[in-house]
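J.: okay, here's the prediction I keep looking at, along with the sequence it came from:
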Amino acid sequence: MSAEPAIQVRNLVKTYSGHPAVRGVSFDVAKGEIIGLLGPNGAGKSTTLRILTGYLPATSGQVTVCGVDVATRPEDVKKLLGYMPENNPLPDDLRVHEYLHLRGRLKGLTRRKLAPRLDEVVHLCDLGRVRDRIIGKLSKGYRQRVGIADAILAEPPVIIMDEPTIGLDPHQILAVRDLIAGLRGRMTVLISSHILPEIEMTCDRVIIINQGRVVAAGAPDALRRELFGPGYYELEIAGPLDVLPALLSPVDPTLAFADTRLAGEGFHLVRLAADHGAPDLREALASALARDPRFRLRGLTRTRHTLEEVFLAATSAKAA
């Protein structure tokens, strides 16, 4: 029997004055997973997250967190969640350690447990150098780290973050990405973000919402296969093409020759279809060809659709 999901959403609907913002959304998040929730502005992402956290009632449908129903037991659900909302509202007049101590007490941590846990979270979020600083004087990056520290402070089983890297510079984004990745397996994390490369590097699966509906869900490589078919290696090569399949088969027997066309000066462009999720074979292909003096290799590229292309294809297809 499969384990109970950390988050379960079934036929979720939310309307505002008769206008549907969320239209029958359903998905599961397994324990320990990091999931990216994607969608264009107005797609229903933030509304879905607010319903999940109990801050907003649903019009209909059911949401459970660790088996606890959000609609009937919202206070119990909030004890299971760490939530970092978009724009991360923080008090400007408290020091970092004062704020986290206050939040820990509000979350029910005893003084004996809170002190070592606060030290652990400060270290984990790299807040040591600003521990005694006034929050209002912190940079955007440090404010985001304070928000994440608050979310994980009581060690809840589920963390929900709405745009955790919004407004950060590349170095700050990298630090937050590493911090979130460090939670994998320890906590279930659901992230909403517009920064698609960060989602791909951090998340196990993505759920794409458009116009209030789930239009695609799965691991990025699975969605690439579903929407675009296989990826390709393109070789610009000169030599006896009839022996090429036998030469390259030991590299990966699943490689399939897609098409060949003339490139001029005795060279051909050869495309090999390959699974999006397979390891990068460019070095192995180049080595195999280099060992055979009959071949000259002038170019070798790998075509792999980005998560942005997956996102645009999924949302455009649904809109169409």
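T.: Yep, that arrived.

J.: let me see the contact set for Thr59.
T.: By C-beta atoms under 8 Å, 6 or more residues apart in numbering, the residues touching Thr59 are Val13, Lys14, Thr15. Quick note: C-beta positions are derived from backbone N, CA and C, even for glycine.

J.: wait, Phe27
T.: Ile7, Val9, Ile207, Val214, Ala217.

J.: how about the strands in the stretch 51-200 of the chain?
T.: Here the stretch 51-200 of the chain has its strands, by DSSP state E, counting those that start in this stretch, at 60-65, 68-69, 81-84, 158-162, 188-192.

J.: now these as JSON lines including mean neighbour count?
T.: Conversion of the strands of the stretch 51-200 of the chain to JSON lines gives the following (neighbours: other C-beta atoms under 10 Å):
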{"stretch": "strand 60-65", "mean neighbour count": "19"}
{"stretch": "strand 68-69", "mean neighbour count": "15"}
{"stretch": "strand 81-84", "mean neighbour count": "22"}
{"stretch": "strand 158-162", "mean neighbour count": "24"}
{"stretch": "strand 188-192", "mean neighbour count": "26"}
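
J.: for Pro40, find the nearest of the ones you listed.
T.: strand 188-192 (11.9 Å; C-beta to C-beta).

J.: ok so, going back, Serialize the strands of the stretch 51-200 of the chain to CSV and add fields for distance to Asn41.
T.: Shown next, in CSV, are the strands of the stretch 51-200 of the chain (distance: least, C-beta to C-beta, whole Å):
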stretch, distance to Asn41
strand 60-65, 23
strand 68-69, 30
strand 81-84, 19
strand 158-162, 13
strand 188-192, 11
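
J.: would you turn those into a markdown table with mean pLDDT?
T.: As requested, the strands of the stretch 51-200 of the chain are exported to a markdown table (pLDDT from 0 to 100):
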| stretch | mean pLDDT |
| --- | --- |
| strand 60-65 | 94 |
| strand 68-69 | 94 |
| strand 81-84 | 92 |
| strand 158-162 | 92 |
| strand 188-192 | 93 |
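
J.: which one of those lies nearest to Ala149?
T.: strand 81-84 (9.6 Å).

J.: partners of the closest one, with directions?
T.: Next to strand 81-84 in the sheet, as set by DSSP bridges, lie strand 158-162 (parallel).

J.: pLDDT weak spots in this protein?
T.: For the chain, residues meeting the criterion pLDDT under 70 lie at 1-2, 276-277, 317-320.

J.: distance check, Arg298 against Leu235.
T.: From Arg298 over to Leu235 the distance is 9 Å, taken as C-beta to C-beta, to the nearest Å.

J.: okay, those two: which has more neighbours?
T.: Neighbour totals were compared for Arg298 and Leu235, and Leu235 leads with 25 against 13 (other C-beta atoms under 10 Å).

J.: just checking, the more buried one touches Leu269?
T.: Yes: applying C-beta atoms under 8 Å as the test, Leu235 and Leu269 come out as touching, 7.3 Å apart.

J.: outside of stretch 206-224, which residues touch it?
T.: By C-beta under 8 Å, 6+ apart, stretch 206-224 touches 20-27, 35-40, 43-45, 48, 199-200, 204-205, 226-227, 231, 275-277, 304-305, 307, 310-311, 314-315, 317-319.

J.: go on, stretch 68-79?
T.: Residues contacting stretch 68-79 (C-beta under 8 Å, 6+ apart): 51-54, 57-58, 62-65, 80, 107-108, 156.

J.: can you select the buried ones from those residues in PyMOL?
T.: Of those, the buried ones can be selected in PyMOL as follows, counting by 16 or more other C-beta atoms under 10 Å:
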select buried, resi 51+52+53+54+58+63+64+65+80+107+156
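
J.: domain map for the chain?
T.: Listed by automatic domain parsing, the domain ranges of the chain are 7-225, 230-305.

J.: so of these, which one's packed in deepest?
T.: Ranked by mean neighbour count under mean count of other C-beta atoms under 10 Å, those are led by domain 7-225, which reaches a mean of 18.

J.: measure that domain end to end?
T.: This stretch, domain 7-225, spans 26 Å end to end (C-alpha to C-alpha, to the nearest Å).

J.: helix, strand, or coil at Gly299?
T.: Of the three states, Gly299 takes strand under DSSP: H, G, I helix; E, B strand; the rest coil.

J.: pretty sure it sits against His268.
T.: No: between Gly299 and His268 there is no contact under C-beta under 8 Å: 11.1 Å.

J.: so what's Ser287 up against?
T.: Ser287 neighbours (C-beta under 8 Å, 6+ apart): none.
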